[in-house]
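[1] Turn this into a structure:
(one chain, ligands or ions: 1)
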Amino acid sequence: MTRIDSPAELEKLRESILSIRDPNKPCITLCSGSACHASASREVAASIEEELARLGLSAEVDLRKTGCHGFCERGPIIVIHPEKICYFQIKPEDVPEIISRTIKDKEVIERLLYTDPATNEKIIHESEIPFYKHQERIVFGSNGAIDPKSIDDYLAIGGYSALAKVLFRMSAGQVLEEVKKSGLRGRGGGGFPTGRKWEESRNAPGEIKYVIVNADEGDPGAYMDRSLLEGNPHSILEGLSIGAYAIGSNEGYIYVRQEYPLAVDNVMTAIRKAEEYGFLGKNILGSGFDFTVKVHRGAGAFVCGESSALMTALEGRAGEPRPKYIHTAVKGLWDRPSVLNNVETWANVPLIINKGAEWFAGFGTGKSKGTKIFSLVGKINHTGLVEVPMGTTLKDIVYKIGGGIPGGKKFKAVQTGGPSGGCIPEELLDLQVGFDELTGAGSMMGSGGMIIMDEDTCMVDVARYFLEFLTDESCGKCVPCREGIRQMLKILTNLTRGKGKEGDIELLERLSEVAGSAALCALGRSAPNPFLSTLKYFRDEYEAHIRQKRCPALCCKELIAYHIDPDKCRACMNCLRKCPSEAISGGKDLIHVIDQDKCTKCGTCFEVCPARFGAVGKISGEPVPSPIPEEARIIVRKSKQK
Ligand SMILES: Cc1cc2nc3c(=O)[nH]c(=O)nc-3n(C[C@H](O)[C@H](O)[C@H](O)COP(=O)(O)O)c2cc1C
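    Just a heads-up that it's a prediction; the model follows:
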């Protein structure tokens, strides 16, 4: 491959790539991100390759292994072009039929299509499926179209044209102004205005400056950064190079967690290819601008996502935060001006340069512009990655895109913002997602985790769960975080075990105030959020745990009991056979009874009792009814009566 030394050469290369690509040639795109690997997409790929070879069709049909398509719950997904027929949950054994019927005979295979649960209608095209229809996938959309290992694929969709534009047609100041005008705010947590951060670094004294990608992504349940790095690594490299040009930097780093091997692999391949073509390295595109990128693998500590801790880890020391009286944009990595942005933030930059700040600001609300990718997980029908314009309501995300709550259960809350975010209740479902809107509701945007909770979720236990995560992940450098959140965890654990006492809520509030104002970094300062937001909206649950030793959601193990209703039990033996602790007595004609001393509250009896009987119940805060006398437990079946 020869180096590209000017924008004209880049355009010539792009034309030559496009000229040999026939848009009417059959092409199968198959999602090949980590999530789909877990559901055997590699086996599907091997099966497609084998079948095409067996039929002598390898040259006539392309197979493109792309990044994540987003609808992870239904993966592996394939889209057959040019018709854009979309099949879900493909297994290797489906492949011969797909090749013979859809590729060769142009027939649609009904059973592999998406069925709309609302209408029972089969849907052929991705764009018509409710999960996709209500999204605006400006950043994430290309993931499903390109092979992340192929730089030609990226060039075919206009890749590196934004870099060429800034290097040859814009001054660094103009790039800064464009990013500022777009209203882009950081997608990694705080929502800091990106252009302002860049400007601070650019104006900071010093010859050597750095640009850094934050791909630490430690929030439980969040995986949009991984999917972007895996699926479209060049877009992040291009954004990073543009940022470097704008602030006057020649060195960049990608800080990515070691547990993301595919992301590391794809981004390394992308760097190598970009260097070969001359999009990275010395004298990029013949412009005189030099820029190199190195990948640093992190050890997967949540606190290392914090800017100063990340930079300390990059320097080769233990990843602990430091006070930030001076911003890292001015004094960061090796005490030099350093711009750290989230993966998704960088991926937005080429779009802003190519399509303009006004186009970008056309999406979103007052102070939150553009779109945001959320990882929609928890008690929701359609889990996956969704990209929506800022300003979309939570209700639309949960119901129109997410398809609502499974099993006919009631929505209870949505947790946003990662472990230090907050829970938003049903009455605020009309809230529009945006940085300030979510903060105003006691939560935050964070990096885009969105965990849906149904009526069976105990909000005290949710606060306990997140505080446990944060206690484990606290680096321990400052007392308010190390000791404060540990004490909060102790009290919350007591509440969920029925050991709460009057005054606990007030004590938790005082600890929250201290950690929230005195901790060294935002891990400790925002750690009280899960408690404060659940207390704000679900105070009655805290009070029930303390005063009545009752868990209203019937969730906290030590506050509940399982009980078999003798009037409903049909002595079917299901629960008796499945109980792992042999706590159930009864017989074929004998109503079953749970021995409360032996019961471990695993819930198996509740799950296996046939819905038509519904004999096993959960209770909390009330005494378990005494077992009925032995003689009353005998069931006289009708057949025996005759
Ligand atoms: C404990 C902690 C963990 C964080 N983890 C991440 C992370 O995994 N990814 C990320 O982009 N930002 C993370 N942040 C936010 C970063 O400190 C920083 O604000 C962000 O990377 C800046 O990029 P942005 O302006 O594009 O959002 C974390 C912050 C804290 C306090």
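[2] which residues does residue 518 contact?
    478, 480 (C-beta atoms under 8 Å, 6 or more residues apart in numbering). In this view, the C-beta of every residue, glycine as well, is placed from N, C-alpha and C.
[3] Model confidence for it, exactly?
    pLDDT for residue 518: 96.
[4] ok, now the one 3 residues further on?
    Per-residue confidence for residue 521 comes out at a pLDDT of 95.
[5] And for it, nearest residue in space, chain neighbours not counted?
    In space, and not counting its chain neighbours, residue 521 is closest to residue 321: 3.7 Å by C-beta to C-beta, 6 or more residues apart in numbering.
[6] Please look at that neighbour and residue 305 and confirm they touch.
    No - applying C-beta atoms under 8 Å as the test, residue 321 and residue 305 come out as separate, 10.3 Å apart.
[7] Around the ligand, which positions in the protein sit nearby?
    186-190, 192, 214, 216-218, 302-303, 305-307, 340-342, 345, 447, 521-523 (C-beta under 6 Å from any ligand atom).
[8] So residue 321 and residue 305 - more neighbours on which side?
    residue 305 (29 against 24; other C-beta atoms under 10 Å).
[9] Look up phi and psi at the more buried one.
    phi -80, psi -20 (degrees, to the nearest 10).
[10] which residues in the stretch 451-600 of the chain form helices?
    459-473, 479, 485-496, 504-518, 522-526, 529-547, 574-578 (DSSP state H, counting those that start in this stretch).
[11] can you list the ones you listed in a markdown table and add distance to residue 16?
    Below are the helices of the stretch 451-600 of the chain laid out as a markdown table (distance: least, C-beta to C-beta, whole Å):
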| stretch | distance to residue 16 |
| --- | --- |
| helix 459-473 | 50 |
| helix 479 | 63 |
| helix 485-496 | 58 |
| helix 504-518 | 58 |
| helix 522-526 | 49 |
| helix 529-547 | 53 |
| helix 574-578 | 65 |
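[12] Lowest average confidence across helices and strands of this structure, where is it?
    helix 638-641 (a mean of 54; mean pLDDT, DSSP states H and E).
[13] Burial check on residue 50, number of neighbours?
    Residue 50 is flanked by 14 other residues according to other C-beta under 10 Å.
[14] ok but it is inside a helix, no?
    Yes - counting by DSSP: H, G, I helix; E, B strand; the rest coil, residue 50 is part of a helix.
[15] For residue 30, see how far away it is.
    The gap separating residue 50 from residue 30 is 14 Å, by C-beta to C-beta, to the nearest Å.
[16] how does the protein divide up, domain by domain?
    24-81+85-124, 151-361, 371-454, 459-547, 557-641 (automatic domain parsing).
[17] Find the nearest non-adjacent residue to residue 157, please.
    Excluding the flanking residues, the one nearest residue 157 by C-beta to C-beta, 6+ apart is residue 142, at 5.8 Å.
[18] so that neighbour sits right up against residue 158, yeah?
    No - counting by C-beta under 8 Å, residue 142 does not reach residue 158; the two are 9.4 Å apart.
[19] Comparing these two, which residue is more hemmed in?
    Neighbour count, other C-beta under 10 Å: between residue 142 and residue 158, residue 142 has more, with 24 against 13.
[20] pLDDT value on the more buried one, please?
    95.
[21] And residue 637, by the same measure?
    pLDDT, residue 637: 69.
[22] Make 24 the starting number, not 1.
    New numbering, starting at 24: the last item is residue 660.
[23] Dump stretch 132-144 to CSV, restricted to CA.
    C-alpha atoms of stretch 132-144 as CSV (Å, rounded to 0.1, in the frame of the first residue of the first chain):
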residue,chain,number,x,y,z
ILE,A,132,-37.4,-16.7,5.5
GLU,A,133,-40.2,-15.7,7.7
ARG,A,134,-39.1,-17.6,10.9
LEU,A,135,-35.8,-15.7,11.0
LEU,A,136,-37.5,-12.2,10.8
TYR,A,137,-38.3,-10.0,13.8
THR,A,138,-41.8,-10.4,15.0
ASP,A,139,-43.3,-7.2,16.5
PRO,A,140,-44.8,-8.3,19.8
ALA,A,141,-47.4,-5.5,19.7
THR,A,142,-48.9,-6.5,16.3
ASN,A,143,-47.5,-10.0,15.7
GLU,A,144,-46.3,-8.7,12.3
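[24] Could I get the average pLDDT for that stretch?
    92.
[25] what do you get for stretch 306-325?
    Here the average pLDDT along stretch 306-325 is 95.
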